[in-house]
Each structure stands twice: as C-alpha cells, then as structure tokens.
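K.L.:
My questions concern the predicted model and sequence given below.
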Amino acid sequence: MMNAKAKELGALNTHFANASGLYNTNHYTTAYDMAMIARGCYNNASFVSIDSTADAYIIPATNMSAQRTIRHRHKMLKGRSYYYEYCKGGKTGYTDESQNTLVTFAEKDGMRLICVVFKEATDDLRYTDTKTLFDWGFSNFQKSTTTGSQLGAMFSNDNYYNSAVFSTLSLNFGLNASFITIPNKSSLSNVTMTVDDNYDMTNENGVMTTHLKFLYNDNTVGTTTLNISAAGTDTGSLLPYVSADVSSSYKPKTCIKINIWVVVGIGAVILFIIYIIEERARRKRQRRHYNRRRRRL
C-alpha cells in the first residue's frame with residue numbers, strides 16, 4: 001500500500017521494504033521523490049495541523065505500558081534551537097547508512113516550498129543547510145497567478161495537438177485559475193505545457209485520466225490531472241492551489257498536421273517549375289535578339 005501510494009504521489013523511483021524506514025537493501029528513494037511525498041502531506045490540512053505544533057502529546061498509562069510522551073523532533077519549529085519563522089513542519093530521519101536527513105515545509109507570502117536534505121554529516125548541518133536553501137528559494141522565486149484563459153491558451157502548443165490524447169477523444173474540460181512557481185525574472189509567457197500520453201482508460205464509464213505538466217526550461221513548475229470523457233460530459237481538473245472563482249471551458253480546435261518533408265518536397269517542385277518557366281522565357285528572348293541581329297546584317 002505504501003509503494004502504491006508513493007507512485008500515486010509521483011514518487012516513481014521509490015520502494016519501501018518496511019514501514020519503519022530502517023535500512024534494507026531493497027528500501028530506497030530520492031530527494032525528488034521525498035519532496036513529492038511531502039507535497040502530498042502538505043496538501044493534507046489535518047496532517048499540517050498536527051505536524052506544525054511543537055507541543056508534546058501525552059499517551060496515558062495503560063495496563064500494558066507506562067505514560068508516554070510523544071514530541072516532534074524538528075528543531076525549526078517555534079521555541080526550538082533552529083527556529084525558522086516560515087517553517088510549517090517536516091520530518092527528521094537518521095540511520096547509520098543514510099546519516100542525518102530532513103524534509104521540511106515552509107510558507108512565506110503565500111508561496112510554499114519543500115526542502116529535502118540527505119546524507120548530512122551532523123544534526124546541525126541539516127538545519128543550517130535547509131535554512132540556506134529556503135532563503136535562496138524565497139529570494140529567487142515567485143508565485144504567479146494564472147487564469148483559466150491563460151492556461152487554455154497553452155493548448156495551442158504543438159505537443160497537445162500531436163499527442164495521443166488529442167487524437168483519441170473529443171475533449172471537453174474546464175481549467176480553473178491556479179498558481180505556478182517560477183523564477184523572479186520570468187513570466188507566464190516563458191511557461192509551456194506538455195501532455196503525458198500515459199493515460200488511464202480503466203475508470204468507469206470510459207472516462208480517461210491524463211496529466212498535463214507546465215514547464216519552465218524543462219523543469220516542472222505545475223501539474224494538473226484531467227478527467228476526459230469521449231461523450232463530452234462534464235469533467236474535472238485538479239490543479240494545485242485551485243481558485244474556483246475563474247473557470248473557462250475549452251474544446252479541441254481544428255488542426256492540420258503537415259509533415260515538414262512534404263512541405264520541403266512541394267517547395268522544391270514549385271521552385272523547379274519556376275526555373276523551367278524562366279529558362280524558356282530566357283531562351284525565347286535570346287532567339288528574338290539573334291533574329292533581329294541577322295535582319296540588320
């Protein structure tokens with residue numbers, strides 16, 4: 001179940017061999033995958049509410065055990081030694097093999113960031129490095145608001161028209177306003193969209209689920225899931241940080257696909273025909289000039 005959930009959250013290079021996190025040769029992940037799992041946690045309000053508190057939780061004594069105190073170990077929470085005012089929680093980790101690890105959530109001016117550090121030599125370094133990365137992220141990136149019409153305009157992208165998704169079904173779907181995190185010196189005009197052709201047709205009533213990625217210099221800065229029906233029924237869009245106040249619907253536009261080599265071939269034929277016509281005209285002019293000279297002589 002953990003492995004299935006990890007893949008659902010986008011952690012495609014992760015495998016859990018146990019539920020404790022203790023070392024196992026078949027137990028592995030990546031920093032990116034941990035960020036994907038953390039994003040799933042971050043989007044769960046109940047999880048964040050529990051994870052963001054520095055308070056202790058006391059489990060009363062039972063006939064099987066004495067009273068136990070459970071305390072969050074993350075040191076960037078309020079009142080801790082590495083307090084960071086934008087920290088919203090996270091998770092510490094340590095084994096002899098992986099050394100000190102840390103996953104942390106932070107939010108400033110409405111922009112959320114997730115930091116993952118692995119293989120830190122000391123407990124102190126994982127917190128100082130995390131703060132350095134957060135400060136850099138908040139200083140160099142911005143949360144850009146996108147409207148439904150702006151997102152829809154990206155569908156003129158050739159990747160969309162040439163995708164298997166477009167050619168398979170007559171699409172009818174809606175896109176809501178959303179937020180995309182991009183560098184400070186860029187704008188939405190620098191963002192492109194690509195369609196994931198690995199779609200799922202196993203849903204009930206023939207509904208297809210596919211995924212869109214919003215890219216900035218080949219880096220994913222936003223994603224959305226589209227549920228598409230061949231019958232053109234209402235469909236859903238699950239954009240991160242969705243704002244429901246702006247909504248637009250889009251249907252596929254008429255599109256003609258042209259093979260570039262066909263265009264080159266047609267151009268070559270046209271140029272050849274023009275050359276033949278010009279050559280014949282040139283020869284006629286030469287003959288007229290030659291005949292006029294003979295008559296003068």
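P.N.:
Received the coordinates, thanks.

K.L.:
What average pLDDT does the helix ranked longest in the chain get?
P.N.:
With DSSP state H setting the assignment, residue counts place helix 260-296 as the longest helix in the chain. Here helix 260-296 scores 79 as its mean pLDDT.

K.L.:
ok, now stretch 4-13?
P.N.:
pLDDT averaged over stretch 4-13 gives 93.

K.L.:
Ok, stretch 75-91 next?
P.N.:
95.

K.L.:
mind listing the helices for the stretch 51-200 of the chain?
P.N.:
Counting by DSSP state H, counting those that start in this stretch, the stretch 51-200 of the chain has helices at residues 123-140, 148-153, 158-161, 164-168.

K.L.:
tell me, which of the ones you listed is the model least confident about?
P.N.:
Among the helices of the stretch 51-200 of the chain, helix 158-161 scores lowest, with a mean of 52.

K.L.:
Please enumerate the strands of the stretch 1-150 of the chain.
P.N.:
Assigned by DSSP state E, counting those that start in this stretch, the stretch 1-150 of the chain shows strands spanning 56-59, 68-71, 87-95, 99-108, 111-120, 141-146.

K.L.:
Isn't residue 52 up against residue 77?
P.N.:
Yes. Look at residue 52 against residue 77 with CB atoms under 8 Å: they come within range, at 7.2 Å. Using the backbone N, CA and C atoms, a C-beta is placed for each residue, glycine as well.

K.L.:
how close does the residue nearest to residue 52 when sequence neighbours are not counted get to residue 28?
P.N.:
Distance criterion CB to CB, 6 or more residues apart in numbering; nearest residue to residue 52, sequence neighbours excluded, is residue 89 at 4.4 Å. Applying CB to CB, to the nearest Å, the value for residue 89 to residue 28 is 24 Å.

K.L.:
hang on, the earlier thing: isn't the residue nearest to residue 52 right up against residue 74?
P.N.:
Yes. Using CB under 8 Å, residue 89 is in contact with residue 74, at 6.6 Å.

K.L.:
Overlap in contacts, those two.
P.N.:
residue 104 (CB atoms under 8 Å, 6 or more residues apart in numbering).

K.L.:
picking that back up, the residue nearest to residue 52: neighbour count?
P.N.:
Counted by other CB atoms under 10 Å, the residues lying close to residue 89 total 23.
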